[in-house]
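In: I need the structure of the sequence given here:
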Amino acid sequence: MTTGRSLLILLMMVSTGIAIVVIRGETAKASNRVQRLHQKQTELEHVLWSQEMDLARLRGPEEIRRRTKDLGLNLLPPRTDAAAKDANRGLPAPRD
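Out: Numbers count the residues shown, from 1 in each chain. This is a model prediction of the structure:
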């Protein structure tokens with residue numbers, strides 16, 4: 001085998017080795033990024049669930065009553081259908 005061929009084979013082996021090292025490094029970086037993004041997603045899901053729980057609590061009847069009292073709003077509780085019909089008897093009919 002000539003020296004030229006030997007150098008060519010050596011150069012090809014070195015370049016292949018370098019390519020493998022570079023690819024492994026990029027794979028490790030990508031894996032690390034995926035792991036960080038997964039952690040961030042989990043954190044955001046926890047924040048979302050917490051906010052959904054707060055929203056459910058704030059929509060509750062007792063919380064609505066407390067806030068209307070704190071704000072000084074004069075809101076009446078909902079009436080039954082019969083009570084609403086009785087209240088509307090004295091009103092004129094709606095026009096089209």
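In: what residues does stretch 55-75 touch?
Out: The contact list for stretch 55-75, computed with Cβ atoms under 8 Å, 6 or more residues apart in numbering, is empty. In this view, the C-beta of every residue, glycine as well, is placed from N, C-alpha and C.
In: can you get me the start-to-end distance on that stretch?
Out: Start-to-end span of stretch 55-75 (Cα to Cα, to the nearest Å) is 21 Å.
In: below-threshold pLDDT in the protein: ranges please.
Out: Residue ranges of the chain with pLDDT under 70: 1, 82-96.
In: all helices of it, in order?
Out: Counting by DSSP state H, one finds helices in the chain at the ranges 3-58, 61-71, 81-88.
In: the longest one to helix 61-71, inter-axis angle?
Out: What separates the directions of helix 3-58 and helix 61-71 is an angle of 70 degrees, with axes from the mean of the first three to the mean of the last three Cα atoms, to 10 degrees.
In: next one: stretch 37-49 to chain centre, how far?
Out: 7 Å (Cα atoms, centre = their mean, to the nearest Å).
In: ditto for stretch 23-35
Out: That offset, for stretch 23-35, works out to 25 Å (Cα atoms, centre = their mean).
In: go through that stretch and flag the buried ones.
Out: By neighbour count on 16 or more other Cβ atoms under 10 Å, the buried set for stretch 23-35 is empty.
In: just give me the neighbour total for residue 51.
Out: Look at residue 51: counted by other Cβ atoms under 10 Å, it has 10 neighbours.
In: just the one 10 residues further on next, same as before
Out: Burial measure for residue 61: 8 neighbouring residues, criterion other Cβ under 10 Å.
In: phi, psi for residue 72 please.
Out: With angles defined as degrees, to the nearest 10, residue 72 sits at phi 70, psi 30.
In: from residue 33, how far off is residue 56?
Out: 35 Å (Cβ to Cβ, to the nearest Å).
In: next one: residue 60
Out: Going from residue 60 to residue 33 by Cβ to Cβ gives 41 Å.
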